[in-house]
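**Student:** model the structure of this input:
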Amino acid sequence: MRAKLILLFGAIILLLAGLVSVRFGLGGKPMERPFPPPTLESAGSPPEILAIIQNTNSLEVQVARYKALIERVGVEEAQEALQNSGLPFDGQTHLLNHTVGEWLYVHEGTSGLGKCKDYFLSSCYHGFVIDAVGDGGMDALVGVMEQCWKSGEHVAIQCSHAIGHGFLAWVGYVNLTTSLSMCDELTTKSKNFPVYNCYDGAFMENVWAVHGGGKPAPDRWVKDDDPYYPCNDSRIASKYIKGCWSNQPSLLYQRFHGDLSNVASICQTIQDKEHQETCFDGLSRQIHPLTKGSMDETFRMCGLLPKPWDEACIASNAKASFSVGDRELPFKICGRMISGGQDRCWQDLVGIIRAYYPHAGAQRNALCGKMKDVSWKSRCIGS
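**Tutor:** Purely as a prediction, here's the structure:
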């Protein structure tokens, strides 16, 4: 079971915040990596990192070189080297950085989680959680979540999301409702467990469900002739439906062959306002990797959504860019917006900065200092 889970997660955890679009095409087939590799001269990195840069088309080779670096310099220095390598903040680098989490779990157990750095969308934590689910099941996750919380709320959220993926993989795709119940069960064992993110992870796993050859499992909850399924299935309790609509846009994006306007039209028909907002937010996160880090593409693609969701999409993309490690583009995106949409963008960005850096200090001040709006800069720095 552990080996199956590790194979499975190698394909799906990178889906967080819509990152999967960078690595997989519509049928789960590998795509060309859309980011050009950094130059060796600009990397200024150890030889193992240079080898990683030279082999961007082979994740297997990259993982081998990263393991060699970890063994040579240690987990903390290795993470810093990867973070500063110039590699893009995309799904492949996210997945590559799972390696350090896996290494820590094998060599140091639960206590090793504290050595994870919050780089590439918390991917070290993801790799760690994957092995914990495969080895110890529900009981092991209590200790894992305690360690995740020590690194902050944003890390605990990522850990919960990864656990949701693991539960569905564990019980099988036909048992989607069972995996959601397992999320609920963990709330009785793990204090302050962010259960919504566990639901979200389970539904995301249902969308992609790729293991055993990279093709979606045939027994996942999907109907080709019903764009609302499984969110409209009576077996899905109301408390789970938001998590369903958070991921439905990814499924619809595949079904409509990348037509963002068609996906938006389905979101527009949802009667429940919270679920409608969730659907548009999911679509915005689907757009994020498609922009390939281009601010112009962010505004163009989000402009395909009906108002007011176009501005919400831009703000969501700024936040998503920050989440995967970009510390420049989010500020440029918000700075380019106009009218009330800009206030929402700054508000979202302030929220995520303060979640990542809850205590006042030099790091938070430096990031907040990039905000052009004096009022929002002051709120960001806060106390």
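**Student:** how close does Thr93 get to Gln363?
**Tutor:** Using Cβ to Cβ, to the nearest Å, one obtains 22 Å as the distance from Thr93 to Gln363. Where C-beta positions appear, they are placed from N, C-alpha and C, glycine not excepted.
**Student:** for those two, indicate the residue with more neighbours.
**Tutor:** The neighbour comparison of Thr93 against Gln363 (other Cβ atoms under 10 Å) goes to Thr93, with 28 against 12.
**Student:** so that one sits right up against Leu87, yeah?
**Tutor:** Yes - Thr93 is within contact range of Leu87, at 4.8 Å (criterion: Cβ atoms under 8 Å).
**Student:** which SS state does the spatially closest residue to Gly172 that is not a sequence neighbour fall under?
**Tutor:** With Cβ to Cβ, 6 or more residues apart in numbering as the criterion, Gly172 has its nearest non-adjacent residue at 7.1 Å, and that residue is Asp219. Under DSSP: H, G, I helix; E, B strand; the rest coil, the three-state class of Asp219 is coil.
**Student:** same check, this time on Asp118
**Tutor:** Using three-state DSSP, the structure places Asp118 in coil.
**Student:** number of residues surrounding it?
**Tutor:** 18.
**Student:** pull the distance from whichever strand or helix holds Tyr66 to the chain's centre.
**Tutor:** Taking DSSP states H and E as the definition, Tyr66 sits inside helix 59-73. Put simply, helix 59-73 sits 23 Å off its chain's centre (Cα atoms, centre = their mean, to the nearest Å).
**Student:** CA atoms of that helix as CSV?
**Tutor:** Presented in CSV, the C-alpha positions along helix 59-73 are these (Å, rounded to 0.1, in the frame of the first residue of the first chain):
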residue,chain,number,x,y,z
LEU,A,59,12.3,14.2,-13.0
GLU,A,60,13.9,10.9,-12.2
VAL,A,61,17.4,12.2,-12.8
GLN,A,62,16.6,15.4,-10.9
VAL,A,63,15.4,13.4,-7.9
ALA,A,64,18.6,11.3,-7.9
ARG,A,65,20.8,14.4,-8.0
TYR,A,66,18.8,16.1,-5.3
LYS,A,67,19.1,13.1,-3.0
ALA,A,68,22.9,13.2,-3.6
LEU,A,69,22.9,16.9,-2.5
ILE,A,70,20.8,16.1,0.6
GLU,A,71,23.2,13.4,1.6
ARG,A,72,26.2,15.6,1.0
VAL,A,73,25.2,18.9,2.6
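**Student:** got the buried residues for it?
**Tutor:** Neighbour-count burial for helix 59-73, counted by 16 or more other Cβ atoms under 10 Å, picks out 59, 62-63, 65-70.
**Student:** same question for stretch 243-258.
**Tutor:** Result for stretch 243-258 [16+ other Cβ under 10 Å]: buried residues 243-256.
**Student:** now stretch 101-118: mean pLDDT?
**Tutor:** In this model, stretch 101-118 has a mean pLDDT of 88.
**Student:** OK, contacts around Trp346?
**Tutor:** Taking Cβ atoms under 8 Å, 6 or more residues apart in numbering, we find Trp346 in contact with 334, 371, 373, 376.
**Student:** do a quick rundown of the helices in the stretch 151-300 of the chain.
**Tutor:** 153-171, 176-187, 195-208, 241-255, 260-269, 273-290, 295-302 (DSSP state H, counting those that start in this stretch).
**Student:** so which of the ones you listed gets nearest Met138?
**Tutor:** Judged by Cβ to Cβ, the one of these that comes nearest to Met138 is helix 176-187, at 6.6 Å.
**Student:** between the lengthiest helix in the chain and helix 195-208, how many degrees?
**Tutor:** Across the chain, the longest stretch assigned as helix under DSSP state H is helix 123-150. Interaxial angle, helix 123-150 versus helix 195-208 (axes from the mean of the first three to the mean of the last three Cα atoms, to 10 degrees): 160 degrees.
**Student:** if we can go back for a sec, quick one: the helices of the stretch 151-300 of the chain as a markdown table, columns for distance to Asp226 too.
**Tutor:** Output for these, formatted as a markdown table (distance: least, Cβ to Cβ, whole Å):
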| stretch | distance to Asp226 |
| --- | --- |
| helix 153-171 | 20 |
| helix 176-187 | 15 |
| helix 195-208 | 14 |
| helix 241-255 | 10 |
| helix 260-269 | 11 |
| helix 273-290 | 15 |
| helix 295-302 | 26 |
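**Student:** turn the ones you listed into a markdown table, including mean pLDDT and distance to Thr110.
**Tutor:** Below are the helices of the stretch 151-300 of the chain laid out as a markdown table (pLDDT from 0 to 100; distance: least, Cβ to Cβ, whole Å):
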| stretch | mean pLDDT | distance to Thr110 |
| --- | --- | --- |
| helix 153-171 | 85 | 12 |
| helix 176-187 | 97 | 16 |
| helix 195-208 | 92 | 19 |
| helix 241-255 | 95 | 27 |
| helix 260-269 | 96 | 40 |
| helix 273-290 | 94 | 30 |
| helix 295-302 | 96 | 39 |
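**Student:** which one of the ones you listed lies nearest to Ile49?
**Tutor:** helix 273-290 (23.1 Å).
**Student:** by contact count, what packs against that closest one?
**Tutor:** With contacts taken as 3 or more Cβ pairs under 8 Å, 6 or more residues apart in numbering; DSSP states H and E, helix 273-290 sits against helix 20-23, helix 241-255, helix 260-269, helix 295-302, helix 309-323.
**Student:** can I get those helices in JSON lines including distance to Pro194?
**Tutor:** Below are those laid out as JSON lines (distance: least, Cβ to Cβ, whole Å):
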{"stretch": "helix 20-23", "distance to Pro194": "22"}
{"stretch": "helix 241-255", "distance to Pro194": "12"}
{"stretch": "helix 260-269", "distance to Pro194": "24"}
{"stretch": "helix 295-302", "distance to Pro194": "27"}
{"stretch": "helix 309-323", "distance to Pro194": "15"}
